[in-house]
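Asks: Next comes the sequence, and after it the predicted model I'd like to discuss.
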Amino acid sequence: SACPGIEESFASRPGAWEVRMPEESENTKLRVFWCNTNRGGGAGANSLEQRMYARSFAAAWSFADHPAGTFNYTDHMRRIRRGDMIIMYAMRVGVITVGQVKESRLEVLLENHLDRLRDYATEGENVEEWRVPVQWLAWNEGNPCVVNPLSGTFIEITDHADRVNAVFQHFAIERTPNPA
């Protein structure tokens, strides 16, 4: 494995790999992550958010037209541990849901994998789908928590106390870690 203490399995499924992060029982600090959906306009603009919600994942994608086909936020996603919180921000709408990470696990699915949330052929040339299993605790597109957006697809925002507190208060989420 390229990262100490992280177990990567490439043989589990063709076109995919799984990264299992070690549990951090000594670290009880609640970590919070921002998942920006980059919602588009028009009919069906929320379809990826709906799929993330229905399938219990927070996800991000790398694109073929991005320099070297890379995804800039892998280090943030690899920090995820069971019990951490994820805030889903819908571009131009606000925060629509908050969830708790169910497992210290990250899946990466390549473009031909049948279990992807986003189709490579019809929804943009997104080479890798990075996703984390999440139990969504609150979902409210009709009453989003309006906060200033952050520029980043998937980033840790634990230290953004005002933003995190506003979102948690809006969705009546407790700040104490309670691993799923």
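Replies: Noted; the coordinates are in hand.

Asks: switch to C-alpha atoms for all contacts and neighbour counts from now on
Replies: Will do.

Asks: list the contacts for residue 137?
Replies: Neighbouring residues of residue 137 by C-alpha atoms under 8 Å, 6 or more residues apart in numbering: 97-100.

Asks: no no, residue 135
Replies: Residue 135 sits in contact with 56-57, 99-102, 180, where contact means C-alpha under 8 Å, 6+ apart.

Asks: if you set the cut-off to 10 Å instead, what comes out?
Replies: 53, 55-58, 83, 85-86, 98-103, 180 (C-alpha atoms under 10 Å, 6 or more residues apart in numbering).

Asks: Now name the helix or strand holding the residue nearest to the spatial centre of the chain.
Replies: For the chain, the residue nearest the mean C-alpha position is residue 58 (3.2 Å; C-alpha atoms, centre = their mean). Following DSSP states H and E, one finds residue 58 within strand 57-63.

Asks: Which residues does the helix or strand just after that strand contact?
Replies: Using DSSP H and E, the helix or strand that follows strand 57-63 towards the C-terminus is helix 74-77. Helix 74-77 is contacted from outside by 3, 33-35, 59-60, 105-106, 130-132, 153-157, using C-alpha under 10 Å, 6+ apart.

Asks: give me that answer again for 6 Å
Replies: Residues from elsewhere that reach helix 74-77, judged by C-alpha atoms under 6 Å, 6 or more residues apart in numbering: residue 155.

Asks: Which pLDDT value goes with the closest residue to residue 136 other than its chain neighbours?
Replies: Using C-alpha to C-alpha, 6 or more residues apart in numbering and skipping the chain neighbours, the partner closest in space to residue 136 is residue 99 (3.9 Å). Residue 99 carries a pLDDT value of 96.

Asks: residues in contact with residue 99?
Replies: Contact analysis of residue 99 by C-alpha under 6 Å, 6+ apart lists 85-86, 134-137.

Asks: So for residue 3, what pLDDT did the model give?
Replies: Here the pLDDT value assigned to residue 3 is 42.

Asks: And for residue 109?
Replies: 85.

Asks: how would you label it: helix, strand or coil?
Replies: Following DSSP: H, G, I helix; E, B strand; the rest coil, we place residue 109 in the strand state.

Asks: cool, residue 113 as well?
Replies: Once three-state DSSP is applied, residue 113 turns out coil.

Asks: burial count for it?
Replies: 17 (other C-alpha atoms under 10 Å).

Asks: ok, now how distant is it from residue 62?
Replies: Residue 113 is 14 Å from residue 62, where distance means C-alpha to C-alpha, to the nearest Å.
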